[in-house]
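>>> Fold the following.
(one chain, ligands or ions: 1)
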Amino acid sequence: MDDLQKRFTEWLGPKGIELSPRQLEQFERYYQELVEWNQKMNLTGITEREQVYMKHFYDSLSLAFFVDLSKVQSLADIGSGAGFPGIPLKIAFPELKLTIVDSLAKRISFLRHVADELELSHVELIHGRAEDIARLPEHRDRYDLVTARAVARMALLNEFCLPFVRPQGLFVAMKGSDPAEELTEAVRSLKELKGEVAAVESMTLPVEESARHLVVIRKTAGTPSKYPRKAGVPAKSPLI
Ligand SMILES: C[S@@+](CC[C@H](N)C(=O)[O-])C[C@H]1O[C@@H](n2cnc3c(N)ncnc32)[C@H](O)[C@@H]1O
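Presented below is the predicted three-dimensional model:
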């Protein structure tokens with residue numbers, strides 16, 4: 001274990017996350033693949049090793065500081081990009097059944113490679129738009145937990161993500177800045193999609209201590225049949 005890996009375990013230990021040597025190896029391999037593939041495709045602007053561990057790996061795992069993942073079987077990560085937060089959560093909690101949806105085929109190819117290299121089982125990778133995939137009965141109202149980090153503002157995120165959540169399941173939006181204003185814009189979509197804000201949690205990253213916020217939304221009932229509608233297309237044309 002090198003110095004950074006030691007610090008990574010020290011950041012996580014007090015939060016109740018213990019990583020085995022194999023899991024630490026998987027994180028390191030993931031880092032190496034990320035940096036290598038980033039030379040041929042745009043995956044992340046963050047490539048310095050400590051920054052990746054802090055801003056991608058630790059930040060992704062912060063969800064587990066607030067949600068009891070031992071009670072979660074199925075996790076869907078929407079707009080996962082280079083795999084955040086889905087892949088770090090899968091490495092740290094290997095029992096999770098992970099589904100990743102992303103609209104960029106290249107990123108899905110990268111994630112297929114990562115899942116193979118890290119020998120991750122029960123990972124389903126779907127190339128498609130969330131609003132289309134959520135229409136399919138095998139994905140609608142199905143997941144215990146749905147996550148999205150840095151994908152869209154809350155009003156649109158609710159439309160992308162809530163249809164995947166089973167009744168009484170959770171959607172967690174992982175945000176940088178304080179989401180209070182975004183949440184006021186999202187009141188209508190929350191209500192229509194049967195979501196209720198259960199908590200807004202905050203935490204700081206280690207070392208640089210920048211703030212992060214997690215909006216925890218509980219789904220109170222099944223998705224109404226008219227949802228989801230196409231992103232960016234109003235339900236009714238404003239001209240009619
Ligand atoms: C800014 S990246 C964030 C990636 C990752 N969640 C993270 O935090 O690093 C947003 C990702 O969302 C994906 N995305 C955007 N709109 C989407 C949609 N409607 N359905 C599925 N994926 C979408 C993009 O392809 C991109 O990979």
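>>> When you work out contacts or count neighbours from here on, use the C-alpha atoms and nothing else.
OK.
>>> Might you calculate how far stretch 168-175 sits from the centre of the chain?
The offset between the C-alpha centroid of stretch 168-175 and the centroid of the whole chain comes to 9 Å, using CA atoms, centre = their mean, to the nearest Å.
>>> residues in contact with it?
Contacts made with stretch 168-175 from outside it, assessed by CA atoms under 8 Å, 6 or more residues apart in numbering, are listed as 63, 143-150, 154, 157, 161-162, 165, 212-221.
>>> Are we agreed that residue 184 is in a helix?
Yes - under the criterion used here (DSSP: H, G, I helix; E, B strand; the rest coil), residue 184 sits inside a helix.
>>> separation between it and residue 198?
As defined by CA to CA, to the nearest Å, residue 184 lies at a distance of 15 Å from residue 198.
>>> So for the two, which sits in the more crowded spot?
Between residue 184 and residue 198, counting by other CA atoms under 10 Å, residue 198 is the more crowded of the two (14 against 11).
>>> tell me the contacts of that one?
If you count contacts by CA under 8 Å, 6+ apart, residue 198 has them with 215-218.
>>> List phi and psi for it.
The main-chain torsion angles of residue 198 are listed as degrees, to the nearest 10 and equal phi -90, psi -30.
>>> separation between it and residue 165?
When CA to CA is applied, the distance between residue 198 and residue 165 equals 14 Å.
>>> For the residue nearest to residue 129 when sequence neighbours are not counted, which residues are in contact?
Once flanking residues are discounted, residue 129 sits nearest to residue 103: 4.9 Å by CA to CA, 6 or more residues apart in numbering. With contacts defined as CA under 8 Å, 6+ apart, residue 103 is in contact with 79, 127-130.
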